[in-house]
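Chemist: everything below, folded, please.
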Amino acid sequence: MTERRGKTTRSISIIGVGNMGGSIARNLIDSPCSDSVVGSYDVVQSLVEELHQYARKAGKNKSDRPPGGVASAVEGADCVLVVLSTEAQCGQLCFGTGSNISLISSMRPGSCVMVCSTVSSEWSRRAAKKFEGAGIHFVDCPVSGGPMRAREGKLTVMASGDIDSVEFAMPVLSAMGMVHEISGGAGSASTVKVIHQLLAGVNLCASAEALTLATKAGIDPKQMYEVVNNAAGASFMFADRG
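Modeler: Model (predicted):
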């Protein structure tokens, strides 16, 4: 992990607190990198309430009540993590019309948007320019590893952006897992993530074919799974999804 000078704690907010985002959020609440949790937001209100209670028990909630919308969830936050499913959702959240639903109109200058979602490199580059124009840091930081590793702070984190933005976000990035700083500015990390996803997909398809072949050949698929996981054919995707 890379050490950075200056303040090492951040007030955080998390948008999208489902399986992945919720796991990231709980890890960051437990981590000394966060001095407070401004709030969280999700279309499922029960998830927001659960996370608010978790932060309250940790003594890091900044308000007595769960936020009622995006604007109140990010008000005063140093770092806002975006963990949504699609690029379209990220675009609507970041730049949608109306001050209550867009990050660019709700966040203060000097704060930082950290997009952990899988998006295109083109989208990341456009987003970085827009946020830069508003005086807001932007870090393109897709992750890999799944909810379990997210909860343990053991994700693989790919991070790119301008030097000041990545440095500002580093205390939070480092708490999430192993950080790989990708050169080339915003969008480069998303390119790495897309290439990685192609490899992961190939592994997943090959794993399914191997277990199907074993079953058709009369081999117990559970035994096949155990053998492969302890031999040269093992892979993360086979072990996790096989």
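
Chemist: next helix or strand past the top helix by length along the chain?
Modeler: Looking across the chain with DSSP state H, the single longest helix is helix 188-216. The C-terminal neighbour of helix 188-216 among helices and strands, as given by DSSP states H and E, is helix 221-229.

Chemist: against which helices or strands is the helix or strand that comes right after that following helix packed?
Modeler: Once helix 221-229 ends, the next helix or strand along the chain (criterion: DSSP H and E) is helix 236-241. Counting contacts by 3 or more CB pairs under 8 Å, 6 or more residues apart in numbering; DSSP states H and E, helix 236-241 packs against helix 188-216, helix 221-229. Using the backbone N, CA and C atoms, a C-beta is placed for each residue, glycine as well.

Chemist: TSV for these, including mean pLDDT?
Modeler: Output for these, formatted as TSV (pLDDT from 0 to 100):
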stretch	mean pLDDT
helix 188-216	95
helix 221-229	95
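
Chemist: redo the ones you listed as a markdown table? Include distance to Ser121 and mean neighbour count.
Modeler: What follows is the helices and strands packed on helix 236-241, written out as a markdown table (distance: least, CB to CB, whole Å; neighbours: other CB atoms under 10 Å):
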| stretch | distance to Ser121 | mean neighbour count |
| --- | --- | --- |
| helix 188-216 | 4 | 16 |
| helix 221-229 | 34 | 14 |
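
Chemist: for stretch 106-125, the distance to its chain's centre please.
Modeler: 11 Å (CA atoms, centre = their mean, to the nearest Å).

Chemist: equivalent analysis for stretch 199-212, please.
Modeler: 25 Å.

Chemist: now swap in stretch 43-53 and tell me
Modeler: 18 Å.

Chemist: then that stretch to PDB, C-alphas only?
Modeler: What follows is stretch 43-53, C-alpha atoms only, in PDB (Å, rounded to 0.1, in the frame of the first residue of the first chain):
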ATOM      1  CA  VAL A  43     -33.300   3.000  -3.900                       C
ATOM      2  CA  VAL A  44     -33.900   0.400  -1.200                       C
ATOM      3  CA  GLN A  45     -34.500   2.500   1.900                       C
ATOM      4  CA  SER A  46     -34.100  -0.400   4.300                       C
ATOM      5  CA  LEU A  47     -30.500  -0.800   3.200                       C
ATOM      6  CA  VAL A  48     -29.900   2.900   4.000                       C
ATOM      7  CA  GLU A  49     -31.400   2.500   7.400                       C
ATOM      8  CA  GLU A  50     -29.400  -0.600   8.200                       C
ATOM      9  CA  LEU A  51     -26.100   1.100   7.300                       C
ATOM     10  CA  HIS A  52     -27.100   4.200   9.300                       C
ATOM     11  CA  GLN A  53     -27.500   2.000  12.300                       C
END
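
Chemist: rewinding a little: angle of the longest helix of the chain against helix 221-229?
Modeler: On the basis of axes from the mean of the first three to the mean of the last three CA atoms, to 10 degrees, helix 188-216 is oriented at 130 degrees to helix 221-229.

Chemist: direction included, what does the helix or strand where Ser11 lies pair against?
Modeler: In the assignment (DSSP H and E), Ser11 maps to strand 10-15. Next to strand 10-15 in the sheet, as set by DSSP bridges, lie strand 34-41 (parallel), strand 79-82 (parallel).

Chemist: picking up where we left off before, just send the helices and strands packed on helix 236-241 back as CSV, with distance to Glu50 too.
Modeler: Below are these laid out as CSV (distance: least, CB to CB, whole Å):
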stretch, distance to Glu50
helix 188-216, 28
helix 221-229, 34
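
Chemist: quick one: closest of the ones you listed to Gly16.
Modeler: helix 188-216 (16.5 Å; CB to CB).

Chemist: residues near Leu155, how many?
Modeler: When neighbours are defined as other CB atoms under 10 Å, Leu155 has 28 of them.

Chemist: so what's it up against?
Modeler: 24, 143-145, 149, 176-178 (CB atoms under 8 Å, 6 or more residues apart in numbering).
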